[in-house]
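> sequence and predicted structure below; questions after.
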Protein chains: 2
Amino acid sequence: MLTVHHLGRSQSERIVWLCEELGIDYELKCYKRRTDNKMAPPEYKKLHPLGAAPVITDGDLVLGESGSIIEYLVAVYGCGRMTIKPEAPGYTDYLYWLHFANGTFQPLLLRMLSLERVDASDNNAPLTMAKERIQLMLSMMEKKLGESDYLAGDTLSAADIMIIFSLTTMRLFKPYNLSQCPNILAYLQRIGARPAYQRAMQKAEPGLIPVLGAESSVTVF
Amino acid sequence: MLTVHHLGRSQSERIVWLCEELGIDYELKCYKRRTDNKMAPPEYKKLHPLGAAPVITDGDLVLGESGSIIEYLVAVYGCGRMTIKPEAPGYTDYLYWLHFANGTFQPLLLRMLSLERVDASDNNAPLTMAKERIQLMLSMMEKKLGESDYLAGDTLSAADIMIIFSLTTMRLFKPYNLSQCPNILAYLQRIGARPAYQRAMQKAEPGLIPVLGAESSVTVF
């Protein structure tokens, strides 16, 4: 049976959400972060050699990495739903944002988090540069979401599943303000109104109010 | 016509290599880094809103992000060659390493590079943690490459195209030693012996000896 191993406040919330959107029959196992250092507990680290969320198991298969799990689930369980084919409009937007999410945007947020821990001052040149890059990335998303309801057109796709964590729950680790991004804020409201997203967050993160507004503050780390 | 915009010593070498492996008819435009700060020159930054390598243009299309360009080229120009289908052996290995390359491995190298610029001492806890993670990732690759010649089986796939930059040219920015990784070193020799890789590197990086050995040193930054 497909099992989604969800680490609290982590990128694995994407996988729970995708399963709910696709109506997949899956088992959900939830793991809490350690109280001392907020890292994954030993039983989560044992699941996969890298010891990082997300992880799924499916028979003998143990698979990590958000992008690979999402591609696996939409192909094997979803009959290709929530992807966009080469001949369809939005194909290259789909590819771009799918890979941009964890290839560029989320890594830069994680880099900022590390850089701030070492030196949060204005003397930290890589941090200053990263802040400028994040604003550029937000302006790109803001522009795109002024043209269509979702990143690859007017229906939800796996590209949206990939990016939403970085725009929501990630802001509990690395807050940034979206008040200058009305299109992104409207997008987050559309996501938050989806029954599958609501079910996923209630199952994966009971007690957490999804971070869908302009402001956020650190509650993890 | 498909044009690959290659920034010297950058992730866009992957795209040149893929075009050579697939035998695609393409135009190559090469751009040199600025001499003052080693960043992309203004004409490269103008190609795409993010201003980062790689970028391709194809008619009206302007596409960035390594993963999306590679998926586009194998689907539209490669008839799916160099990918592995869901029903074939190696499918989930293919997905894992394809997304791991720029979703986990390359971002951690970039994070280390930034952290070292701020504080290269042992007091830099995020840097110490990152170094441990890199060793773990190398040990995962080392194990995998003891089981098969390439990451997803015994033939080259797009997953290898994605990861090789981080194991080679990236070490001119962020050196790390591979002397404890004989399987990775043998893999790099296999890659270096491929005519398409040799053609790509000669066209994209004339004068650069590909970084295929255990040792490397900083030559960029």
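The structure has been received and is ready for your questions.
> if we ignore the residues flanking it in sequence, what's nearest A:Leu151?
Once flanking residues are discounted, A:Leu151 sits nearest to A:Trp97: 4.2 Å by Cβ to Cβ, 6 or more residues apart in numbering or on different chains. (Glycine included, C-beta is placed from N, CA and C.)
> what helix or strand is that neighbour on?
According to DSSP states H and E, A:Trp97 maps onto helix A:91-100.
> which other residues reach that helix?
With contacts defined as Cβ atoms under 8 Å, 6 or more residues apart in numbering or on different chains, helix A:91-100 is touched by A:67, A:83-85, A:144, A:151-153, A:157-160, A:162-163, B:61, B:63-68, B:71-72, B:102.
> just the buried residues of these.
Buried subset of the contacts of helix A:91-100 (neighbour count, 16 or more other Cβ atoms under 10 Å in any protein chain shown): A:67, A:83-84, A:144, A:151-153, A:157-160, A:162-163, B:63-68, B:71-72, B:102.
> sorry, back to before: please report how far the residue nearest to A:Leu151 lies from A:Tyr187.
Taking Cβ to Cβ, to the nearest Å as the measure, A:Trp97 and A:Tyr187 are separated by 12 Å.
> and if you look at A:Ile15?
Using Cβ to Cβ, A:Ile15 is found at 20 Å from A:Tyr187.
> ok so, going back, neighbours around the residue nearest to A:Leu151, how many?
A:Trp97 has 25 neighbours, counted by other Cβ atoms under 10 Å in any protein chain shown.
> same question for A:Ser121.
Look at A:Ser121: counted by other Cβ under 10 Å, it has 9 neighbours.
> three-state assignment of it?
At A:Ser121, secondary structure determined by DSSP: H, G, I helix; E, B strand; the rest coil is coil.
> so for it, what's the pLDDT?
Per-residue confidence at A:Ser121 stands at 93 (pLDDT).
> now swap in A:Glu21 and tell me
The per-residue pLDDT reported for A:Glu21 equals 98.
> part of a helix, is it?
Yes. Assessed by three-state DSSP, A:Glu21 belongs to a helix.
> mind listing what it touches?
A:Glu21 makes contact with A:82, A:156, A:161, A:194, A:196-197 under the criterion Cβ under 8 Å, 6+ apart.
> tell me which residue lies nearest the centroid of chain A.
Most central in chain A under Cα atoms, centre = their mean is A:Phe165, positioned 2.7 Å from the mean C-alpha point.
> for the helix or strand hosting it, packing partners?
Using DSSP H and E, A:Phe165 maps to helix A:158-167. Here helix A:158-167 touches helix A:13-22, helix A:66-76, helix A:91-100, helix A:106-118, helix A:182-192, going by 3 or more Cβ pairs under 8 Å, 6 or more residues apart in numbering or on different chains; DSSP states H and E.
> now the longest helix along chain A: buried residues?
Taking DSSP state H as the assignment, the helix of chain A that covers the most residues is helix A:125-144. Of the residues in helix A:125-144, those buried under the neighbour-count criterion (16+ other Cβ under 10 Å) are A:126-127, A:130-131, A:133-134, A:137-138, A:140-142, A:144.
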